[in-house]
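Enquirer: Build me a structure from this.
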Amino acid sequence: MGVPDQGGAGGRRKGRELAMKLVYQVGVSPRPLAEACAGFEEFAAAAPAARDFALELARGVEARRSEVDAALLAALKDWTLERLSAIDGALLRVATFELLFREDIPARATLDEAIELSREYSAGESAGFLNGVLDAVARTGAPHKL
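Expert: The predicted model follows:
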């Protein structure tokens, strides 16, 4: 069996996973994104398309952090960002950035990928929670993409 293709949709899937991990690393340790990338072997080993997409997303989250967090706060009913696990926070930030600022990515693709990543990296009940939060973000911040 060969190595899975990391271009196209596969590259975007891997890119989202890498972006989530980068946002997580920057969130849990006070170091810049460039430093997180430099010490991240999985990032270095990924296909160029996946690395490029991951950097676009992680840099976008960094650059638009206040807008991303404001959209999340509006969608989090009776929750704060501080109550989220670091993984859930990273997933939500990457997906919210995609929903609000990446017109080339359909909302359904963003939501589906975030749910799949939450099933792989987060607690069992997180997938439903993230789905509800991201659906609220999409309905208020990007209804034209639904």
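Enquirer: residue closest to the middle of the protein?
Expert: residue 94 (2.5 Å; C-alpha atoms, centre = their mean).
Enquirer: Tell me the first helix or strand C-terminal of the regular element (helix or strand) spanning it.
Expert: Taking DSSP states H and E as the definition, residue 94 sits inside helix 86-101. Reading on from helix 86-101 to the C-terminus, the next helix or strand found by DSSP H and E is helix 107-121.
Enquirer: quick revisit: close enough to count as contact, the residue nearest to the centre of the chain and residue 114?
Expert: Yes - contact criterion C-beta atoms under 8 Å: residue 94 and residue 114 qualify, at 7.5 Å. (Glycine included, C-beta is placed from N, CA and C.)
Enquirer: any shared contact partners between those two?
Expert: Taking C-beta atoms under 8 Å, 6 or more residues apart in numbering as the contact criterion, the common neighbours of residue 94 and residue 114 are residue 16.
Enquirer: helices and strands around the helix or strand of the chain with the lowest mean pLDDT, which ones?
Expert: The helix or strand of the chain with the poorest confidence is helix 8-28; it has a mean of 90 (mean pLDDT, DSSP states H and E). Counting contacts by 3 or more C-beta pairs under 8 Å, 6 or more residues apart in numbering; DSSP states H and E, helix 8-28 is packed against helix 33-38, helix 41-45, helix 48-63, helix 86-101, helix 107-121.
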